[in-house]
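Enquirer: Take a look and give me a structure for this.
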Amino acid sequence: MNSPQIKRESRAFFAKLGAHIALLRKTRGMTQAELARALKVSQQAVFAYELGDRRVSVLILTKLTKIFGVSMEELAEVTPPKRWHNQRLSPKAVRHAERLQRLSKTKQRFVIRIIDVLEQQLS
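Expert: Numbers count the residues shown, from 1 in each chain. Sure thing, here's the model as predicted:
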């Protein structure tokens, strides 16, 4: 039998996790529909995960770590993602990142997909 305290803690955890998933998704310029396709779930499921209305299974957590390139611990601890400006980038890389930010969301997603494909081919 679950105590009310456990239920409250569980709801709070999944709400924080959902907000973190939304932040990671937006940071990578993904739509909910794109994340849903990558996870092989409905867009409504992604919406519910992000609101904390639906529990995220271990299988989905594993897929999220691969999609976002974070460890399970980083995802579960609900720590904010590292931003490019917090890391040591060359001046040229910073200029490229700033140019990317000025593009429309659609063009940003296109450029990010190209980078992701190149990264996969190089690893």
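
Enquirer: Give me the phi and psi angles of residue 55.
Expert: Dihedral angles of residue 55 (phi, psi; degrees, to the nearest 10) stand at phi -70, psi 140.

Enquirer: Can you get me a residue count around the closest residue to it other than its chain neighbours?
Expert: Counting by C-beta to C-beta, 6 or more residues apart in numbering, residue 14 is the residue found nearest to residue 55 once chain neighbours are left out, at 5.8 Å. For glycine as for every other residue, the C-beta is placed from the backbone atoms N, C-alpha and C. A count of nearby residues for residue 14, using other C-beta atoms under 10 Å, gives 18.

Enquirer: before we move on, which element is residue 14 in?
Expert: helix 4-27 (DSSP states H and E).

Enquirer: try residue 75
Expert: For residue 75, the element it lies in under DSSP H and E is helix 72-76.

Enquirer: Over to residue 30?
Expert: Using DSSP H and E, residue 30 falls within no helix or strand.

Enquirer: And for it, the neighbour number?
Expert: Residue 30 has 20 nearby residues by other C-beta under 10 Å.

Enquirer: how is this protein carved up into domains?
Expert: Domain ranges of the chain: 1-81, 83-123, per automatic domain parsing.

Enquirer: And the average pLDDT for the shortest one is what?
Expert: Okay, so that is domain 83-123. Averaged across domain 83-123, the pLDDT comes to 79.

Enquirer: Equivalent analysis for stretch 43-54, please.
Expert: Mean pLDDT, computed over stretch 43-54, is 94.

Enquirer: List of residues touching that stretch?
Expert: If you take C-beta atoms under 8 Å, 6 or more residues apart in numbering as the criterion, stretch 43-54 is touched by 11, 14-19, 21-22, 25, 32-33, 35-36, 39, 56, 60.

Enquirer: Now that we have the residues you listed, which of them are buried?
Expert: 14, 17-18, 21-22, 25, 32, 35-36, 39, 56, 60 (16 or more other C-beta atoms under 10 Å).
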